[in-house]
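Chemist: Any chance you could fold what I've pasted below:
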Amino acid sequence: MKKINFLLSELFQYAHSEGDIAKNPMRNVKMPKKTLFKQKRTILVMEDEEVQALEQVAVLTCRNGTPQIMHANAIVFLVHTGLRCGELQALKWSDIDFANKTVTVSKNLSMIVNRDRKPGQKHRNAKIKGTKTASGNRLVPLNEKAVHALRSLQQIYRMLGVRNDSVLVSRNGKVLSNAQLRCVLDRVLRKANIDKPFTLHQLRHTFATRTLKAGVPISVVSKWLGHANISTTYNTYIHVLCSEEKDAAELLKAM
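Modeler: Have a look, this model is predicted:
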């Protein structure tokens, strides 16, 4: 509709300048609001029992002591921190403060189109850049389960002889791609007998929803998620706030 509006405006403006018409009729045309075209998003989040099932899969080992799913703890870490996939991929061990139980988020791994590529070269290259906005640079607290997931990853890397500064690496020392991390999530979900179509980004939604339900102020949750403004957080998770408001109303009746 924007393209059609622009095209007609240019067309009638030219006709007006040539003296073919008295005025440009498109000047009085008002574009409809974007909200009329936005599809209502259904946010799928994990129940507490499903999160617990992920945590149980992460500790499963083979007979020789190696983990059944090498990076299952990375999935547990995501669901307890709300980090974006690219932020986890760019994370270094130096960004983790185990003493104060925090993680510093200041980088993001993005796939950049290789426009000068030659035959046989990759269409996209991974590149670590700064976060999209200033609010993306943040300090996120780590709960005990997030810390345990990181410690378990370190132990697994030592067991397999993996040495790398990055938190999310394969056995050959390369940072896992989005596709590889999605495969890890799919394997963990199957092992946990969860048949819902969860995505990596829905782990972030799960973190936000659980923290809001736990009573963490929305301004704090917004900061932890790295949203540019609190309205983004509010509009995304208004359904959670509405349900909490109903609970509050019931408590008020009992007073």
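
Chemist: Surely Ala126 is in a helix?
Modeler: No: counting by DSSP: H, G, I helix; E, B strand; the rest coil, Ala126 is located in no helix; its state is strand.

Chemist: switch to numbering from 8
Modeler: All right, first residue 8 from here; so that's Ala133.

Chemist: Could you report the pLDDT at it?
Modeler: pLDDT for Ala133: 71.

Chemist: Just list what the strand or helix carrying Ser117 packs against, helices and strands only.
Modeler: Assigned by DSSP states H and E, Ser117 belongs to strand 114-120. Here strand 114-120 touches helix 92-96, strand 131-137, going by 3 or more CB pairs under 8 Å, 6 or more residues apart in numbering; DSSP states H and E. Yep, even glycine has a C-beta here, placed from its N, CA and C like the rest.

Chemist: Could you tell me which residues within the last one count as buried?
Modeler: This points to strand 131-137. Counting neighbours by 16 or more other CB atoms under 10 Å, one finds that the buried residues in strand 131-137 are Ala133.

Chemist: What of stretch 103-117?
Modeler: Buried residues in stretch 103-117, counting neighbours by 16+ other CB under 10 Å, are found at 103, 109-110, 112, 114-116.

Chemist: Kindly format the C-alpha coordinates of that stretch as PDB.
Modeler: Extracted C-alpha coordinates of stretch 103-117, given in PDB (Å, rounded to 0.1, in the frame of the first residue of the first chain):
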ATOM      1  CA  ILE A 103      31.200 -14.200  32.800                       C
ATOM      2  CA  ASP A 104      31.700 -13.000  36.400                       C
ATOM      3  CA  PHE A 105      31.200 -16.200  38.400                       C
ATOM      4  CA  ALA A 106      32.000 -14.400  41.700                       C
ATOM      5  CA  ASN A 107      29.200 -11.900  41.300                       C
ATOM      6  CA  LYS A 108      27.000 -14.200  39.200                       C
ATOM      7  CA  THR A 109      26.600 -11.800  36.200                       C
ATOM      8  CA  VAL A 110      27.100 -11.900  32.500                       C
ATOM      9  CA  THR A 111      28.100  -8.800  30.500                       C
ATOM     10  CA  VAL A 112      26.400  -8.600  27.100                       C
ATOM     11  CA  SER A 113      28.100  -6.200  24.700                       C
ATOM     12  CA  LYS A 114      28.400  -8.200  21.500                       C
ATOM     13  CA  ASN A 115      26.200  -9.900  18.900                       C
ATOM     14  CA  LEU A 116      27.100 -12.500  16.200                       C
ATOM     15  CA  SER A 117      25.400 -11.600  12.900                       C
END
